[in-house]
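Student: what follows is a predicted structure for the sequence shown.
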Amino acid sequence: MLTSNAEFWITVRAATSELAGLRTHVRDRAIELGADDALVDEFLLVVSELATNVLMHTTSDHVEVLVDRNAESWVLEVAGADGLDDVNPVSAPGPGQIGGRGLFIVNAVMDEVALVDGASGRFVRCIKFVA
């Protein structure tokens with residue numbers, strides 16, 4: 001079940017069955033704000049990777065995503081990053097490593113990726129500058 005508040009946070013239950021709906025709502029929000037197809041695809045990839053991290057590495061009951069835009073940049077934020085200490089890998093994981101590719105991909109697609117501590121916990125903020 002999707003909900004969204006006035007600040008444009010999209011919230012779904014933390015379940016793999018909810019990811020397709022989450023991506024649909026992220027796509028709709030990005031299009032509403034003026035994203036072209038290529039940019040929408042990038043946002044869907046980023047949200048998929050970060051939402052999967054929430055599902056796999058936290059005990060959160062929900063996945064929360066913010067999609068917004070201002071004159072200079074697009075902003076994607078994904079809550080539930082309390083267990084993360086670093087979101088900026090300097091190199092791709094080796095072939096023998098099980099994880100780590102998602103954050104590497106997120107950094108390759110977005111212009112800035114940072115951890116932010118907020119009132120309700122830590123989240124990942126991703127910035128894509130407007131061309």
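Tutor: Looks like it arrived, so ask away. All figures in this text were calculated on a predicted structure; none of them were measured in a lab.
Student: state the distance from the residue nearest the centre of the chain to Ala71.
Tutor: In the chain, the residue lying closest to the centroid (CA atoms, centre = their mean) is Val47, at 3.5 Å. Using CB to CB, to the nearest Å, Val47 is found at 22 Å from Ala71. For every residue, glycine as well, the C-beta is placed using N, CA and C.
Student: circling back to that earlier point, so what's the residue nearest to the centre of the chain up against?
Tutor: With contacts defined as CB atoms under 8 Å, 6 or more residues apart in numbering, the neighbours of Val47 are Leu22, Arg23, Val26, Val65, Leu76, Val78.
Student: show me which of those residues is closest to Phe8.
Tutor: Val65 (9.2 Å; CB to CB).
Student: what helix or strand is that closest one located in?
Tutor: strand 62-69 (DSSP states H and E).
Student: then Gly102?
Tutor: Counting by DSSP H and E, Gly102 is part of helix 101-109.
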